[in-house]
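Undergrad: from the sequence below, what's the structure:
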Amino acid sequence: MPKISVNGKEVEFEQGMTILQACEVAGAEIPRFCYHERLKIAGNCRMCLVEVEGGPPKPAASCAMPAADGMKVHTDSPMVKKAREGVMEFLLINHPLDCPICDQGGECDLQDQAMAYGKGDSRYGENKRSVKEKNMGPLVKTQMTRCIQCTRCVRFLEDISGIVELGMVNRGEHAEITTYVEKSLTSELSGNIIDLCPVGALTSKPYAFKSRPWELNKTETIDVLDAVGSNIRVDSRGMEVLRILPRLNEDINEEWISDKTRFAYDGLRLQRLDRPYVRKNGKLKPASWDEAFVAIANELNGLSGAKIAAIAGDLADCESMFALKNLMDKLDSKNTDCRQDGVKLSNKNRADYLFNTSIAGIEEADICLIIGANPRYDAPILNARIRKAVVNNNMQVAYVGAGIDLNYKYNDLGVNPKVLDEIISGKNSFSKTLKTASKPLIIIGYDALLSPDGEILHSLAKKIAESFRAEFNVLHKVASRVGGLDLGFVPSGSGKPTDEILKSCKKGDVEFLYLLGADEIDMASLGKTFVVYQGHHGDSGAHRADVILPGSAYTEKDATYVNLEGRPQRTQIAVFAPGDAKPDWQIITQLSDIIEKPLGYESLSELRAAMEKVVPHLANIGEIEPAKFGPAKKNGKLSNKAIVSTTKNFYMTDSICRASKTMAQCSAEIWDKKEKAA
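TA: Purely as a prediction, here's the structure:
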């Protein structure tokens, strides 16, 4: 390997590294503003200047200059010190002196580097320039006079997000970052430019003037608003979550999160259920826990298992689903389902419902066939990986389903599902492309699985994977689905799935329905069924309920979730639940004692021990257990029905988002305008 000398220390480096990267290998700190390891090199700020022996008699920009074998670099020489002081002086010439009121204060790269590398005084006595503020929508607050033109935001939206909405206009002193035509940023990843901005030019609009970073309690946890399981940090003060930031995880979300993950937190304190309620004379009345449990016990008394059912919602955790499944077993009910949207997925073979390639594995693929999925809104972080593979590895993408607006080029194969038969038989031109691929992958989504041909399309997708040695993947939308399927929270024997449960409720065959945070079902079809709703928000399930049991949101409990790859992860308590609300597993175990059907565990550790005995891989937190494939089922007869889009409003997918004022603004200013334009 080639070697480089940094401040007299000789180290080996990989061919193709820049001087800055080689210096980092040697342990030398290089200040920078514009350089970011995940973005293209711009060389704008010149803060990373170093001295190269034998080179031109001037400092070199280490971020843009390739390292060479035998090169001798100095990062702390008098020339470098003077150059950095000069660069910092120029950067601060027009920077406003508003650190005390800037939301970036305490986390500002400019502050830190001015202290470490700045001169300490200024020779500039002229008036500072000012730049007009830009309205970039409800999420990103601008103070463009602070901007140092590092162009990180521009490069992120162009390189990572794939939506070119920012750019630099004018030159010299008049240069500024702008949206050209004043409009809201429409990228579902736009909030990441707040983290990337090294100064206070781009900050969070919902978080503006709320607190200082040293006032916050920081809790490392995971996001559950989609199925990706992005690693996040929840910053809270007292009982309130004030912001959510990404945590680095190369295997899942790198260092990005979606706007929904970042900004929906204000919904955690609005429309909350903080006490039990019991319906009396047609109206919900506040009640004690004992009164609520007794009302449920009275209703269950004498009911056979066939008349009892339970549906788990999209935000349910593994512990609560395991406890509820055990309770339904004790009540002799087989009518349990975690697929409240009716998606046609079986849990008999684990590989049939996982994203088997893994999120990081997408980057190694050379061909991707997407069947009835919209990764841009179903899983924005996963979609960023697909785009990364398209841009960096020239991965080809083909798509079967309703036309969608992805942020990369794809080959549209149409909406007729019969194209899958043609691919298998070799009649479609895309078959030749798949044959030549070294590592193809197939992704099937909910648009296909929710169609009348859902089971057949799943089988056809598996057959394509078998025929062309491709990896088979299911793209889930919701956090609870894989965990529910792993735990067997699906009908067994003569048990009914969600659609049959709803029909039975309407007929009166099911007289008792337990909704574990299930808000997406048709409440009008429940007829006179006695409904128990356990959840954390006053959403549609709570409006229909006869008894409401207040639970904890994902920031308020220690809970296990399994992401779409099959990777178990755990949330951590950041704040306490409001009022009388309790962790969901605890509510179910207490109810089981009241109705004299004890579950046999009194603590979270006991419950997890029982759960991990049934599903051992749930104990391997953060690890993926590979699943073995079974043969594809025999084909049924395909209808001529086109695969239609089931994508709902990205900003309004669950009870937390629907309670969020920020998400409501995004829905009105971004999504509704986008739908009208389409």
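
Undergrad: so Gly120: helix, strand or coil?
TA: Classification of Gly120 using DSSP: H, G, I helix; E, B strand; the rest coil returns coil.

Undergrad: burial measure for it, as a count.
TA: Using other Cβ atoms under 10 Å, Gly120 has 9 other residues around it. For glycine as for every other residue, the C-beta is placed from the backbone atoms N, C-alpha and C.

Undergrad: check what pLDDT it gets.
TA: Gly120 carries a pLDDT value of 80.

Undergrad: that one and Gly106, how far apart?
TA: For Gly120, the distance to Gly106 (Cβ to Cβ, to the nearest Å) stands at 20 Å.

Undergrad: which residues touch the longest helix seen in the chain?
TA: Looking across the chain with DSSP state H, the single longest helix is helix 78-93. Outside helix 78-93, the residues that touch it by Cβ atoms under 8 Å, 6 or more residues apart in numbering are 31, 33, 45-47, 49-51, 59, 74, 110, 113-114, 117-119, 122-124, 128, 148.

Undergrad: please list the members of the residues you listed that lie in strands.
TA: Judged by DSSP state E, the subset of those located in strands is Leu49, Val50, Glu51, His74.

Undergrad: strands of the stretch 201-350 of the chain, start to end?
TA: With DSSP state E, counting those that start in this stretch, the ranges of strands along the stretch 201-350 of the chain come out as 202-204, 217-222, 231-237, 240-246, 277-280, 283-286, 308-312, 335-337.

Undergrad: list every C-alpha atom in the longest helix of the chain, with coordinates, as CSV.
TA: Below are the C-alpha coordinates for helix 78-93, written out as CSV (Å, rounded to 0.1, in the frame of the first residue of the first chain):
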residue,chain,number,x,y,z
PRO,A,78,3.2,28.4,10.3
MET,A,79,2.1,28.7,6.6
VAL,A,80,-1.0,26.5,7.4
LYS,A,81,-1.8,28.4,10.5
LYS,A,82,-1.7,31.8,8.7
ALA,A,83,-3.7,30.5,5.8
ARG,A,84,-6.5,29.1,8.1
GLU,A,85,-6.6,32.4,10.0
GLY,A,86,-7.0,34.2,6.7
VAL,A,87,-9.8,31.9,5.5
MET,A,88,-11.6,32.2,8.9
GLU,A,89,-11.3,36.0,8.8
PHE,A,90,-12.8,36.2,5.3
LEU,A,91,-15.6,33.8,6.4
LEU,A,92,-16.5,36.1,9.3
ILE,A,93,-16.3,39.3,7.4
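
Undergrad: please pull out the lowest mean pLDDT helix or strand from this protein.
TA: helix 672-677 (a mean of 79; mean pLDDT, DSSP states H and E).

Undergrad: identify the residues contacting Leu139.
TA: Leu185, Ser190, Gly191, Ser204, Lys205, Pro206, Asp259, Arg262, Phe263, Thr662, Cys666.

Undergrad: quick check: ChimeraX command selecting the buried ones in those.
TA: The ChimeraX selection below is limited to those of the contacts of Leu139 classed as buried (16 or more other Cβ atoms under 10 Å):
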select :185,190,191,204,205,206,259,262,263,662,666
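
Undergrad: out of the contacts of Leu139, who's nearest Val419?
TA: Ranked by distance to Val419 (Cβ to Cβ), the contacts of Leu139 are led by Asp259 at 33.2 Å.

Undergrad: show me what contacts that closest one?
TA: Counting by Cβ under 8 Å, 6+ apart, Asp259 has contacts Leu139, Ser187, Glu188, Leu189, Ser190, Gly191, Pro380, Tyr651, Cys666.

Undergrad: and the pLDDT at it?
TA: 97.

Undergrad: and for Ile404?
TA: 86.

Undergrad: Leu185 is in contact with Glu669, correct?
TA: No - in this structure Glu669 lies outside contact range of Leu185 using Cβ atoms under 8 Å: 10.1 Å.

Undergrad: and for those two, which residues touch both?
TA: Gly137.

Undergrad: for Lys325, see how far away Ala379 is.
TA: Per Cβ to Cβ, Ala379 is found 26 Å from Lys325.

Undergrad: more neighbours, the two?
TA: Ala379 (27 against 24).

Undergrad: not counting sequence-adjacent ones, nearest residue to the more buried one?
TA: Distance criterion Cβ to Cβ, 6 or more residues apart in numbering; nearest residue to Ala379, sequence neighbours excluded, is Val228 at 5.1 Å.

Undergrad: got a markdown table for the contacts of Asp259, with pLDDT and distance to Lys82 too?
TA: Below are these laid out as a markdown table (pLDDT from 0 to 100; distance: Cβ to Cβ, whole Å):
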| residue | pLDDT | distance to Lys82 |
| --- | --- | --- |
| Leu139 | 97 | 41 |
| Ser187 | 94 | 40 |
| Glu188 | 95 | 45 |
| Leu189 | 96 | 39 |
| Ser190 | 96 | 39 |
| Gly191 | 96 | 38 |
| Pro380 | 96 | 45 |
| Tyr651 | 96 | 50 |
| Cys666 | 96 | 47 |
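
Undergrad: dump the residue contacts of Gly200.
TA: Contacts for Gly200 (Cβ under 8 Å, 6+ apart) come out as Asp98, Cys102, Asp103, Gln104, Gly105, Cys108, Gln143, Arg146.

Undergrad: so what's it closest to, chain neighbours aside?
TA: Spatially, and ignoring its direct neighbours in sequence, Gly200 is nearest to Gln104 (3.5 Å; Cβ to Cβ, 6+ apart).

Undergrad: again with Ile257
TA: Pro246 (4.3 Å).

Undergrad: what count of nearby residues applies to that neighbour?
TA: That count, for Pro246 with other Cβ under 10 Å as the rule, works out to 22.

Undergrad: tell me the bridge partners for it.
TA: Beta-bridge partners of Pro246, counted by DSSP bridges, are Ile232.

Undergrad: and it, what does it touch?
TA: Per Cβ under 8 Å, 6+ apart, neighbours of Pro246: Asn192, Asp195, Ser230, Asn231, Ile232, Arg233, Asn253, Glu255, Trp256, Ile257, Arg262.
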